[in-house]
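Participant: Sequence plus predicted model, see below.
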Amino acid sequence: MEARTALLEPMRIAVVILAAGSGSRFSSATNKVWLPLGGRRIISRSIANAVKSFPGCRTVLVISPQDALLANQVLEREASDVEVELVEGGETRHDSEYNALIHLAPAITDGRINVVLIHDGARPLATSMLFHDVARTAHQHGGAVPAIVVDPFEIDYKCENQIVRVQTPQAFRASELLSAYQKAHHDKFVGTDTAACMEEYFPENKNIAVAGETQNVKITYPQDLVIAEHVLEMRGYVE
Amino acid sequence: MTDEVMYAELHCAHCDQETLHALVYAGRLIVSSTCQICHMQVKHEPGDLRIHYIKDLENRIATKPARLWRRFWKSPVGLMWSMPRKMMQQPGKFWGEIKSLFR
Ligand SMILES: [Zn+2]
């Protein structure tokens, strides 16, 4: 493994953070990624975690068009030291990822980016260790997906198979990822997630599971906000 | 963010779907959330929240100089204009936060 690592070229990372959501039925609703969490917006924490892990990396934030003004205000106030590139999201998560990859395509094609991480903006507690783990694994093997094993009884008492819950950030070799999404766009294929699209077009590519983090919660239920506040407090409010 | 109410779509365990929730904040901390369909409320335990609030307040005070310094370098004029108004608002802001925690 060491000899193989030594042969690899250095990692040149881009992080895509998805914050477009699926559009709200309620006009007064804020997309949850823009909610405050311990004094900073959830999305600012997600961005800070990515940038702290890879200083100077390309950082793409995919947003809904109606959030553009809010995004500029929040970034100005909470992430002014980071160069964040805003990209308009699509109707689905897959479309949003495609838009981000097309935005990065020139740099991927000429080799300035060789690993792309896709991260859900509603996961503000992923640590640098996880960001590094997935990036390194994808660089070596092609793809990396964090997963945690779930007690199968939690889902179905008859279930005997091991069940895993996947998280983000997920990482992939940039050229294959771009190519997979371009082919999917041409074929009108929509994968359930990033890894599914890669498996469709690059089945020979290995998507390795890396150990996820139990604290890497996705803000879904209201109680997740309370849990996330407690985790932040335990960490001394440091990302 | 003093006793501020924000609305966001979150998954309600009772309705088992994404619904509009009203989220009440005291300072930087969430006090409660209420589903606007079934009115199920999730509350931070009051005692727990008060300890949490005091720790958060300590952190806010400890990090304030660094945060102000960063903003000063970014926009010295903008910060100077906003400072007097913000300082006037502080007693009312803390009173509002404390009221949210003890009601
Ligand atoms: Zn409900």
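Facilitator: That came through fine.
Participant: show me what contacts A:Ala29?
Facilitator: B:Tyr7, B:Ala8, B:Glu9, B:Leu20 (C-beta atoms under 8 Å, 6 or more residues apart in numbering or on different chains). Any C-beta I mention is one placed from the backbone N, CA and C, and that applies to glycine too.
Participant: let's see 10 Å
Facilitator: By C-beta atoms under 10 Å, 6 or more residues apart in numbering or on different chains, the contact list for A:Ala29 reads A:Gly21, A:Gly23, B:Met6, B:Tyr7, B:Ala8, B:Glu9, B:Leu10, B:Glu18, B:Thr19, B:Leu20, B:His21, B:Gln36.
Participant: Just to check, the third one is in contact with B:Ile30?
Facilitator: So that's B:Met6. Yes - contact criterion C-beta atoms under 10 Å: B:Met6 and B:Ile30 qualify, at 9.4 Å.
Participant: Between the two, which has more neighbouring residues?
Facilitator: Set side by side, B:Met6 and B:Ile30 give different neighbour counts by other C-beta atoms under 10 Å in any protein chain shown, the larger being at B:Ile30 (26 against 19).
Participant: so which helix or strand takes in the more buried one?
Facilitator: For B:Ile30, the host element (DSSP states H and E) is strand B:29-35.
Participant: That strand and chain A, are they touching?
Facilitator: Yes - under the criterion of C-beta under 10 Å from any C-beta of the partner chain, chain A is reached by strand B:29-35 at B:Leu29, B:Ile30, B:Val31, B:Ser32, B:Ser33, B:Thr34, B:Cys35.
Participant: tell me the average confidence for that strand?
Facilitator: On average, the pLDDT along strand B:29-35 is 92.
Participant: How about stretch A:105-121?
Facilitator: On average, stretch A:105-121 scores 97.
Participant: in that stretch, what counts as buried?
Facilitator: Buried residues in stretch A:105-121, counted by 16 or more other C-beta atoms under 10 Å in any protein chain shown: A:Ile108, A:Ile113, A:Asn114, A:Val115, A:Val116, A:Leu117, A:Ile118, A:His119, A:Asp120, A:Gly121.
Participant: which of the residues you listed sit farthest apart?
Facilitator: Greatest spacing in the buried residues of stretch A:105-121, by C-beta to C-beta: A:Asn114 and A:Gly121 (23.5 Å).
Participant: Could you give the bridge partners of A:Leu37?
Facilitator: For A:Leu37, the beta-bridge partners are A:Arg40 (DSSP bridges).
Participant: in what helix or strand does A:Val116 lie?
Facilitator: Using DSSP H and E, the element containing A:Val116 is strand A:115-120.
Participant: Thought A:Phe131 was touching A:Ile17, still the case?
Facilitator: No - no contact is recorded between A:Ile17 and A:Phe131 when judged using C-beta under 10 Å, the distance being 11.5 Å.
Participant: anything in contact with each of those two?
Facilitator: A:Asn49, A:Ala50, A:Leu117, A:His119, A:Pro169.
Participant: Please identify which helix or strand holds the first one.
Facilitator: Here A:Asn49 is covered by helix A:42-53, with elements defined by DSSP H and E.
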